[in-house]
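Visitor: predicted structure and sequence below. I'll ask about it afterward.
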Amino acid sequence: MTALATHPASMAAPAAQRTRRFTAWRRFAAPLAILVLWQILASAGLISARTMSSPITIAHSFYTLTVSGELLHHLLVSLARVGVGLAIGVSAGVVFALIAGLSKAGEDTVDSTLQMVRTLPHLALVPLFILWFGIGEVPKIALIALGAAFPIYLNLFSGIRGVDTKILEAAKTLGLSRIELITHVILPGALPSALVGLRYSLGVAWLSLVVAEQINASSGIGYLVMTARDFLRTDIIFVGLIIYAVLGLLADQLVRALERRVLVWRPSFVKD
Amino acid sequence: MADLLAASRPVVDIKGLVRSFGGPNILDRLDLRIGAGDFVALLGRSGSGKSTLLRTLAGLDPVTEGDVAVPSERAVVFQEPRLLPWKRVWRNVTLGLREANAKEKALAALAEVGLKHRVDAWPLTLSGGEAQRTALARALVRHPQLLLLDEPFAALDALTRLKMQGLVGDLWRVHRPAVLLVTHDVDEALLLADRAVVLDQGRIAADVAIDLERPRRHADPRFIALRQRLLGELGVDEEGHEQQPGRRSQPAASPSAHPGDRAPRGVLQPATAA
Ligand SMILES: Nc1ncnc2c1ncn2[C@@H]1O[C@H](COP(=O)(O)OP(=O)(O)OP(=O)(O)O)[C@@H](O)[C@H]1O
Ligand SMILES: [Mg+2]
């Protein structure tokens, strides 16, 4: 690598390109090898289908579930749960963070309470939620919302409080009103932290979904997995796991893309 | 105090200002007047309360004791540019500006400080000097009657600092705000200001008129004499040694009735060539 870097510019370009392609390929090599090995062991009958289906069986199940429309149906149900739960949780987190972050009185009333609730692992509330809300959609969404509210709350709150006082002071000398200070200085300054919070919220929402869908669901990816368990269909369980993983990854990418858009001013994103 | 220079229409009028942060008084019955369009340099030891005084004039620090009259059109440039990183350069300049064609005015101000080509840049991509010029444009665009500068060039390299000093001098001649420039640099004060005041023991301990015609030259014998005089007031000689340790603890007993003709205290070293 270092030897390549010292080549004259005319030669460096294609060489560097080749190196990059090679490293990109290399990153996929190991997982691919594992997959092939897995398939070989499964075909040779060394791994029983009950423990772990072969990659080809999983791909086939994925295909049949997709064409029958079953997968899409369950996927949409799960997405709706996460979507609604996140919307409620993140909105609540943002509102509370604004109240606590922007006023001392707000901090005294909201922050201490939320800090206390926060110490409770929210997944431990499942039994209580079932008693309160039954076994329909409500406890599932409530669990997701509760879990998602805290990361965004904590990060936005500390982001608001962490806004550079020097910049705030300079803005005050420019004659900005309280509202203008909030919209032009405090909130944009807190945005990077808020986005970190959002990413954590998404992660927690996802986790909550997995747990929530195991309480007596009649649809959703979790339901698919639970019924597959009853029929010893490891292939379908794997399909569900893969869906969870891919969606989690996509959600994270979404926030990253959002970051690149709204934090264009940051040195790491600035390219002018 | 007989601030003869500020006798006409003062824009800043401070009487008996007292400020403490719980401990001893940082500003102790301080009096200061600045006339319209006057360029005043504020010197003083580190920790003598220069920034505190400037912040009070900027309205960032409450006045609990004493009277402070300042114009409402005032602007501040701090040692750091303090730009909002999430707003493009020109938007930083228009921030808080409640006029129609604010953008045009911002662009004009930026052109004046030589930043026409960077109006759309993000502040974090600016060099230190460019960022400080943006801060200067942001102050200028408000047409302040009083421009408060708190060591605005301290963080810049020597060459950029020289250019910035020239720029501030030019801008002052064109726009004629009253300026209060906090600085540690006696030469900077002598290059730019009409008057240098020294803050010590919470009061204006010396008030020195700098009646040299502009542009000023370091080699001018009167410049050298004034430098020695100011260094004397600050209690250091030309080589940076502290003089007469006892002097600092004396209260500023007789605050120069005639600032022009008081002899500098302390033995001065012969002037080294500038
Ligand atoms: N917010 C504050 N709380 C407590 N003490 C303060 C505060 N601001 C300033 N001081 C104290 O007041 C004194 C004067 O500070 P100030 O910043 O005005 O000094 P300065 O003359 O500007 O010094 P420098 O030349 O180093 O900038 C210092 O002793 C400082 O510690
Ligand atoms: Mg200071």
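Guide: Structure's in. What do you need? Ligands and ions are numbered 1, 2, ... in the order given.

Visitor: where does the prediction get shaky in the chain?
Guide: Using chain A here. By pLDDT under 70, the low-scoring segments of chain A are A:1-16, A:269-272.

Visitor: not quite, go with chain B.
Guide: B:1-8, B:238-240, B:242-274.

Visitor: may I see the buried residues of stretch A:250-259?
Guide: A:251, A:255, A:259 (16 or more other CB atoms under 10 Å in any protein chain shown). Bear in mind the C-beta positions are built from the backbone N, C-alpha and C, glycine included.

Visitor: dump those residues to TSV, plus secondary structure and distance to residue A:59.
Guide: Formatted as TSV, the buried residues of stretch A:250-259 follow (DSSP: H, G, I helix; E, B strand; the rest coil; distance: CB to CB, whole Å):
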residue	secondary structure	distance to residue A:59
A:251	helix	24
A:255	helix	29
A:259	helix	34
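
Visitor: which of these lies closest to ligand 1?
Guide: residue A:259 (35.0 Å; CB to the nearest ligand atom).

Visitor: residues contacting the nearest residue to the closest one once chain neighbours are set aside?
Guide: Taking CB to CB, 6 or more residues apart in numbering or on different chains, and ignoring the residues beside it in sequence, residue A:259 has residue A:195 as its nearest neighbour in space, at 5.1 Å. Under the criterion of CB atoms under 8 Å, 6 or more residues apart in numbering or on different chains, the neighbours of residue A:195 are A:255, A:258-259, A:262-263.

Visitor: what about residue A:195, which SS state?
Guide: Per DSSP: H, G, I helix; E, B strand; the rest coil, the local secondary structure of residue A:195 is helix.

Visitor: which one of the buried residues of stretch A:250-259 sits closest to residue B:20?
Guide: Comparing the buried residues of stretch A:250-259 against residue B:20 with CB to CB places residue A:259 closest, at 45.5 Å.

Visitor: what's the neighbour count on the residue in chain A that ligand 1 sits nearest to?
Guide: Nearest residue of chain A to ligand 1 (CB to the nearest ligand atom) works out as residue A:165 at 10.6 Å. Using other CB atoms under 10 Å in any protein chain shown, residue A:165 has 8 neighbouring residues.

Visitor: ok, now how distant is it from residue A:171?
Guide: Distance, residue A:165 to residue A:171, by CB to CB, to the nearest Å: 10 Å.

Visitor: list residues touching both of those two?
Guide: With CB under 8 Å, 6+ apart, residue A:165 and residue A:171 have no common neighbours.

Visitor: hang on, the earlier thing: for the contacts of residue A:195, give me CSV that also has distance to ligand 1.
Guide: Listed next are those as CSV, based on distance: CB to the nearest ligand atom, whole Å:
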residue, distance to ligand 1
A:255, 38
A:258, 38
A:259, 35
A:262, 34
A:263, 31
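
Visitor: tell me the one among the residues you listed nearest to residue B:212.
Guide: Taking the contacts of residue A:195 together and measuring to residue B:212 by CB to CB, the closest member is residue A:263, at 50.2 Å.

Visitor: surely residue B:152 and residue B:164 touch.
Guide: Yes: counting by CB atoms under 8 Å, residue B:152 does reach residue B:164; the two are 7.2 Å apart.

Visitor: which residues are in contact with each of those two?
Guide: With CB under 8 Å, 6+ apart as the test, residue B:152 and residue B:164 both reach B:132, B:136.

Visitor: more neighbours: which of those two?
Guide: Neighbours per residue, other CB under 10 Å: of residue B:152 and residue B:164, the larger number sits with residue B:152, 27 against 19.

Visitor: for the top helix by length along chain B, which outside residues touch it?
Guide: If you go by DSSP state H, chain B has its longest helix at helix B:158-175. Here helix B:158-175 makes contact (CB under 8 Å, 6+ apart) with B:39, B:112-114, B:128-129, B:132-133, B:136, B:140, B:143, B:147, B:149, B:152-153, B:156, B:179, B:181, B:188, B:191-192, B:214-215.

Visitor: so which of the residues you listed sit within strands?
Guide: Using DSSP state E, B:39, B:147, B:149, B:179, B:181 are the members of these that sit in strands.

Visitor: how about the contacts made by the residue of the stretch 151-274 of chain B found nearest chain A?
Guide: As assessed by CB to the nearest CB, chain A sits closest to residue B:152 within the stretch 151-274 of chain B, at 12.3 Å. By CB under 8 Å, 6+ apart, residue B:152 lies in contact with B:77-79, B:132, B:135-136, B:164, B:168, B:181.

Visitor: now with 7 Å, please.
Guide: B:77, B:79, B:132 (CB atoms under 7 Å, 6 or more residues apart in numbering or on different chains).

Visitor: for burial, what's the neighbour tally of the last one?
Guide: Using other CB under 10 Å, residue B:132 is surrounded by 28 other residues.

Visitor: quick check, it in contact with residue B:81.
Guide: Yes: using CB atoms under 7 Å, residue B:132 is in contact with residue B:81, at 5.2 Å.

Visitor: tell me where the stretch 101-250 of chain B has helices.
Guide: For the stretch 101-250 of chain B, applying DSSP state H, counting those that start in this stretch gives helices covering B:102-112, B:128-140, B:158-175, B:186-192, B:221-234.
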